[in-house]
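# Quick one: sequence plus predicted model below, questions after.
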Amino acid sequence: MTLKWISLAATGLLVVVVVGLFLRHELFAIGPAAIAVQALAVLLMVWARLSFGLRSFHAGANPTAGGLVTKGPYGLVRHPIYAAILLFLWTGFTSHASVLTACATLVASLASLIGVNEQEAFQFQDNVAGAFYGLIYMVLFAIPIVAIKRFGVKAPLWLQLASASGFLVSVVYTFFTLFPIIDVRSRLAFAAKIIIVVVLSNLVGAVIFKAGGRRAEGTDEGKSMVTG
């Protein structure tokens, strides 16, 4: 199967996800800020399409006539149309957080990588994963230094020193995940995409955590009413 047909299948998968979210009333965001972000995503997509000029639309990854487009949003982002789609979907997810919506949006995110330069795509995914690991280890190493005091316990000096060393190494490692070790079109854009993905992912996690807390509170209140 050629890359063209694989990319066509990925585009079809994106369409299925969008239609499914629309039918479940989970496509459009709620709230002024989220709606504004989705509006910006639509404008980005329109801007990207207009940057093609009179070229016809190709759902596959096959190149069109006229050479590489570097004007407009393509001078800043390699694939602004896919970026706009993902920004739109993930913003909608923040208003309709659920496991099903998260899985659907994640599938769309992975499908959008089809047709992207494989080496840069792998580098991007690997660096994002490294940034996640770095953040997690920063939290873990901070526990003996800061969080443990809340329980009235003081960590021994050797543990605090070891944790401080681990925390600093994690900070340095996370910082260097912003820089690719291969040639990319724009190092600044590469770093910006990693930062955006990491920030958005943590926001999504916070939304899921908050939604889970609300459900737990509702369940506890329901049990109390039944008991009473």
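That came through, no problem.
# shouldn't Y173 be in contact with F132?
No. Counting by C-beta atoms under 8 Å, Y173 does not reach F132; the two are 11.4 Å apart. To be clear about C-beta, it is placed using only N, CA and C from the backbone, and glycine gets the same treatment.
# V107: what's it in contact with?
Applying C-beta atoms under 8 Å, 6 or more residues apart in numbering, we find V107 in contact with 13, 17.
# element containing it, please.
Taking DSSP states H and E as the criterion, V107 maps to helix 99-111.
# looking only at pLDDT, what's the mean for that helix?
Throughout helix 99-111, pLDDT has a mean value of 79.
# And that helix, what's buried?
101-102, 104-105, 108-109, 111 (16 or more other C-beta atoms under 10 Å).
# Pull the CA coordinates from it and hand them back as CSV.
C-alpha atoms of helix 99-111 as CSV (Å, rounded to 0.1, in the frame of the first residue of the first chain):
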residue,chain,number,x,y,z
VAL,A,99,-12.6,8.5,28.0
LEU,A,100,-14.3,8.0,24.7
THR,A,101,-13.7,11.5,23.5
ALA,A,102,-10.1,11.3,24.6
CYS,A,103,-9.6,8.1,22.7
ALA,A,104,-11.2,9.5,19.6
THR,A,105,-9.2,12.7,19.7
LEU,A,106,-6.0,10.7,20.3
VAL,A,107,-6.7,8.5,17.3
ALA,A,108,-7.2,11.6,15.2
SER,A,109,-3.9,13.0,16.5
LEU,A,110,-2.0,9.8,15.5
ALA,A,111,-3.8,9.6,12.1
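# After it, heading C-terminal, what element do we hit next?
helix 118-142.
# So what touches the following helix or strand past that following helix?
Downstream of helix 118-142, the next assigned helix or strand under DSSP H and E is helix 157-176. Applying C-beta under 8 Å, 6+ apart, the contact partners of helix 157-176 are 130-131, 133-135, 137-138, 140-145, 155.
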